[in-house]
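S.K.: Here is a sequence together with a model predicted from it:
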Amino acid sequence: DAGVTQSPTHLIKTRGQQVTLRCSPKSGHDTVSWYQQALGQGPQFIFQYYEEEERQRGNFPDRFSGHQFPNYSSELNVNALLLGDSALYLCASGTGRSEQYFGPGTRLTVT
Amino acid sequence: GENVEQHPSTLSVQEGDSAVIKCTYSDSASNYFPWYKQELGKRPQLIIDIRSNVGEKKDQRIAVTLNKTAKHFSLHITETQPEDSAVYFCAAEDSGSTLGRLYFGRGTQLTVWP
């Protein structure tokens, strides 16, 4: 049984560009949450998807958007990249108010 | 929203000693508190969690205690081993979320010296 998977592993972009990150939840999970983890910090909640809709959003600008597909996989899109967007982006999956399991993350570097 | 404070930020112990990491939270309605271990360059891994209907939970060398009145919870690791070295994060679930939004502390870098 595969756990949470994410792609790509690493990504380097320049300021102003757009990026798409992907996540496949653990088998049996229907809820996907995205977190941003800056160096030396705890993960910060970006948003959460359930039944293909954004259900809750953290304190992130509209440049951050997402999508969930019928197979529960999800994408995180970030437009107009800033240097401050450099971070580890983590996807977590679960079922409702249950344990959240994290993927390995995508390390995004903006130059 | 919830505010989670975690202390200490770094902790060094000798192999075999115990380690304790403490967290406080602000939302008295929160009722789920997980702990994650993150090794360098790897994903956060859920190591233990506790819900507000119990005061303590143990799993081998790891235990978590919860004091709802004081709004704090702690991770206890006994008989530490070098492989316990990692960053540990506490978290509290958003009481207003139906889908498990988590608020994290800033992490504790635990180093276990052989």
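M.R.: Nice, I can see it. This is a predicted model, so every value here is computed, not measured.
S.K.: tell me the contacts of the residue of chain A found nearest chain B?
M.R.: Nearest to chain B in chain A, going by C-beta to the nearest C-beta, is A:Gly42, at a distance of 3.3 Å. Where C-beta positions appear, they are placed from N, C-alpha and C, glycine not excepted. Listed by C-beta atoms under 8 Å, 6 or more residues apart in numbering or on different chains, the contact set of A:Gly42 reads B:Val4, B:Gln6, B:Phe89, B:Ala91, B:Phe104, B:Gly105, B:Arg106, B:Gly107.
S.K.: Now go through those and say which are in strands.
M.R.: B:Val4, B:Gln6, B:Phe89, B:Ala91, B:Phe104 (DSSP state E).
S.K.: Can you give me the neighbour number for the third one?
M.R.: B:Phe89 has 27 neighbouring residues, counting by other C-beta atoms under 10 Å in any protein chain shown.
S.K.: Up against chain B, what does chain A have?
M.R.: Chain A has residues A:4, A:31, A:33, A:40-45, A:48, A:50, A:55-56, A:58, A:90, A:92, A:94, A:96-105 near chain B, with proximity defined as C-beta under 8 Å from any C-beta of the partner chain.
S.K.: mind listing which of those residues are in strands?
M.R.: Judged by DSSP E, the subset of the residues of chain A next to chain B located in strands is A:31, A:33, A:44-45, A:48, A:50, A:55-56, A:90, A:92, A:94, A:101-102.
S.K.: Report the two of those residues separated the most.
M.R.: Maximum pairwise distance in those, criterion C-beta to C-beta, is 19.5 Å, between A:Gln44 and A:Tyr50.
S.K.: Settle it for me: which of those two has more neighbours?
M.R.: A:Tyr50 (20 against 17).
S.K.: give me every residue that touches the more buried one.
M.R.: Residues near A:Tyr50 by C-beta under 8 Å, 6+ apart: A:Asp30, A:Thr31, A:Val32, A:Gln68, B:Leu99.
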